[in-house]
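Visitor: need coordinates for the following:
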Amino acid sequence: MREQDFTMDLFSLKNKNAIVTGGNGGLGKAFSTALAKAGANVVVPSLYDDDSTKSLVEDCGVDYLYIESDITQDGECKRVVDSCIAAFGSVDILINCAGISLNVQDVKEYSRKEWDKMVAVNLTAAFEMIHEACPHMIGQKSGKIINIASLYSFLGGKWSPAYASTKHGIVGLTKTMCDELAEFNIQVNAIAPGYFATALTEQTRSDEKRNNEILAHIPANHWGETVDLMGATIFLASEASSYVNGTVLTVDGGYLMR
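Guide: Model (predicted):
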């Protein structure tokens, strides 16, 4: 492409079809809404439905499909991908957002029960979703895969070894899948969110001491809002990032720099 051929249309996702695991809660809602605003139809596999996400997506003039699914169960990832293709004709974008963090506690008390569940949701399910989606993307010679990493992809994970390990693993998965799939015009990248103001972090933000400790580490001097993730999402999901592959885009207000 020549410089004069670059247009803002490269950021459009019109007529694209996206799957966002866990795309109706927390940060996932922002990813789903961003894709919809750029023109993509959105499929959300999740354990629970959420009418507000459906409204946000459909208000953009695109279609929304909720699939009740536990993607850690055998055959569920294939069912989700097949349902997307049956409903919309293709799967063009996959965002692996589903994730959990259980029982923050000392490593001496941490058990396989917490470890196995978190590895299943945070890492294995992401692999399975890619495994099921990539044959279709290879066939159409295009695709965008965005894995959701974390600041704990770069840092230690005191009191949550499984969470930190899975988020390090997500970065490794991103890089190895890029290495395998790039030749088919499939871009595999990750977004690493910092500290965001969501329902999940409400307790931390209400703890004055802990809140101040976190703010002191963020050059921007405020928690992120979920809307701050939407531009990065559209960029990595669109043709504007066609030569960006295997990278981790950190959206953290500068946290890692201090």
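Visitor: which stretches in the stretch 151-258 of the chain count as helices?
Guide: 161-181, 202-206, 208-215, 230-237 (DSSP state H, counting those that start in this stretch).
Visitor: for Ala192, find the nearest of those.
Guide: Closest of the helices of the stretch 151-258 of the chain to Ala192 is helix 161-181, at 8.0 Å (criterion: Cβ to Cβ). C-betas here are computed from N, CA, C, even on glycine.
Visitor: pull out the buried positions in that closest one.
Guide: 161-171, 173-175, 177-178, 181 (16 or more other Cβ atoms under 10 Å).
Visitor: what's the answer for stretch 113-124, then?
Guide: Buried residues in stretch 113-124 (16+ other Cβ under 10 Å): Glu114, Trp115, Met118, Val119, Ala120, Val121, Asn122, Leu123, Thr124.
Visitor: what do you get for stretch 71-81?
Guide: Ile71, Thr72, Glu76, Cys77, Val80, Val81.
Visitor: now do it, average pLDDT.
Guide: Stretch 71-81 shows a mean pLDDT of 98.
Visitor: my assumption is that Tyr66 lies in a strand; please confirm.
Guide: Yes - secondary structure of Tyr66 (DSSP: H, G, I helix; E, B strand; the rest coil): part of a strand.
Visitor: beta partners of it?
Guide: Beta bridges link Tyr66 to Val44 when assigned by DSSP bridges.
Visitor: that one reaches Leu47, doesn't it?
Guide: No - in terms of Cβ atoms under 8 Å, Tyr66 does not count as a neighbour of Leu47; the distance is 10.9 Å.
Visitor: who's more crowded, these two?
Guide: Tyr66 (19 against 12; other Cβ atoms under 10 Å).
Visitor: returning to what we had before: and the buried residues of stretch 113-124, which two are the farthest apart?
Guide: Among the buried residues of stretch 113-124, Glu114 and Thr124 lie farthest apart (Cβ to Cβ), at 14.8 Å.
Visitor: what bits of the protein have low per-residue confidence?
Guide: Scanning the chain with the threshold set as pLDDT under 70 gives 103-105.
Visitor: please name the residues that touch Asn211.
Guide: Residues near Asn211 by Cβ atoms under 8 Å, 6 or more residues apart in numbering: Thr204, Arg205.
Visitor: try it again at 10 Å.
Guide: Contact analysis of Asn211 by Cβ atoms under 10 Å, 6 or more residues apart in numbering lists Tyr195, Thr201, Thr204, Arg205, Trp223.
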